[in-house]
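Participant: next come a sequence and a model predicted from it.
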Amino acid sequence: MTALTTTGLGKRYRRKWAVRDCSLSLPAGRVVALVGPNGAGKTTLLHMVVGLLSPDEGNATVLGEPVGTTRTLSRIAFLAQDKPLYDRFSVADMLRFGAHLNPGWDDALATGRLAELDIPPDRRVGSLSGGQQAQVALTMAIAKRPELLVLDEPLANLDPLARHDVMRGLMTAVADSGMTVLLSSHVMSDLTDTCDWLVVLNRGRVQVSGDIETLLAEHRLLVGPAELADGVGDRLSVVDETRTDRQATLLARTGPVTLGPRWTARGVSLEELVLAYLRRPEAAALSGPVLAGVGREGD
């Protein structure tokens, strides 16, 4: 089943397009990493997905239904970067508020999760640490029992230990419920070993969307003589490259590749893959890898 589908989605602020021609198809049950530089349009895209903004062109469906309908909204939970909680409310007040707004509210899940985290229900939200506030906000989102959980930079301004604890709690919730998660983050460590699908958004357009293991298997980092780089690059789909007088380093979408003895090839990390695409906004992932044959003589 497809959790989210967008077709030609676009949003414009006056004369500037924040998102343009965004077409995605995200499988259900995945944990999706949405990455991109500041100003790439990530928050605008997420706000259209959850019905907070109306697109100026294109359309989106969540779990097979148009975005913005009452039924669709009941199946989505959204956690914004500012973690909208009421500082003067107690934790118990926040849970009662969540129960009042959401017919599918699971109070046992919410109270049990906060008890495990040792967050007292009588404490005022404003007196909690940043990590505890993030846990309360995440608990409220999870207790809605959504089929799609959308998170916009939920770990911003948290220390590394708090970030780890929140992500661990999120992954436990995913394992228990099977929900789909769409997570926007600038911090690659939040995404590595957590997400299994990658979407790279750059200048309002989708550069890459695909299964992370597949994408990593299809890309290689090639290092060899600078004077031979043009010949190798002509035969491969090169995403990014750097050169010195003697050496060239190419990150290419090639799949397993065999080159001459003067070249070395290795796999890439998720961070290397993302940074390569972000450095080249004009680069777009192809529908499949370009397979390279045995290197020519002299390569």
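Facilitator: Sure thing, it's come through. The structure displayed is predicted, hence computed values, not measured ones. Residues are numbered from 1 along each chain as shown.
Participant: now for R96, how many residues are close by?
Facilitator: R96 is flanked by 14 other residues according to other CB atoms under 10 Å. Bear in mind the C-beta positions are built from the backbone N, C-alpha and C, glycine included.
Participant: who's in contact with the host helix or strand of it?
Facilitator: With secondary structure defined by DSSP states H and E, R96 is part of helix 91-101. Residues from elsewhere that reach helix 91-101, judged by CB atoms under 8 Å, 6 or more residues apart in numbering: 85-86, 89, 105, 107, 110-111, 114, 119-125, 128, 136, 139-140, 143-144.
Participant: which parts of the chain belong to which domain?
Facilitator: 2-203, 214-279 (automatic domain parsing).
Participant: and the last one, how far from the chain's centre?
Facilitator: The gap between the average C-alpha position of domain 214-279 and the chain average comes to 24 Å, counting by CA atoms, centre = their mean, to the nearest Å.
Participant: one step back: buried residues in the following helix or strand past the helix holding R96, which are they?
Facilitator: Using DSSP H and E, the helix or strand that follows helix 91-101 towards the C-terminus is helix 107-116. Of the residues in helix 107-116, L109, A110, T111, R113, L114 count as buried by neighbour count, 16 or more other CB atoms under 10 Å.
Participant: is the residue lying closest to the last one once chain neighbours are set aside in a helix, a strand, or coil?
Facilitator: Excluding the flanking residues, the one nearest L114 by CB to CB, 6 or more residues apart in numbering is T139, at 5.8 Å. Of the three states, T139 takes helix under DSSP: H, G, I helix; E, B strand; the rest coil.
Participant: what mean pLDDT does the helix holding R96 get?
Facilitator: What helix 91-101 shows for mean pLDDT is 94.
Participant: buried residues in that helix, which are they?
Facilitator: Going by 16+ other CB under 10 Å, helix 91-101 has these buried residues: V91, M94, L95, G98, A99.
Participant: most centrally placed residue in this protein?
Facilitator: By CA atoms, centre = their mean, the chain has its centre lying nearest to A33, at 1.8 Å.
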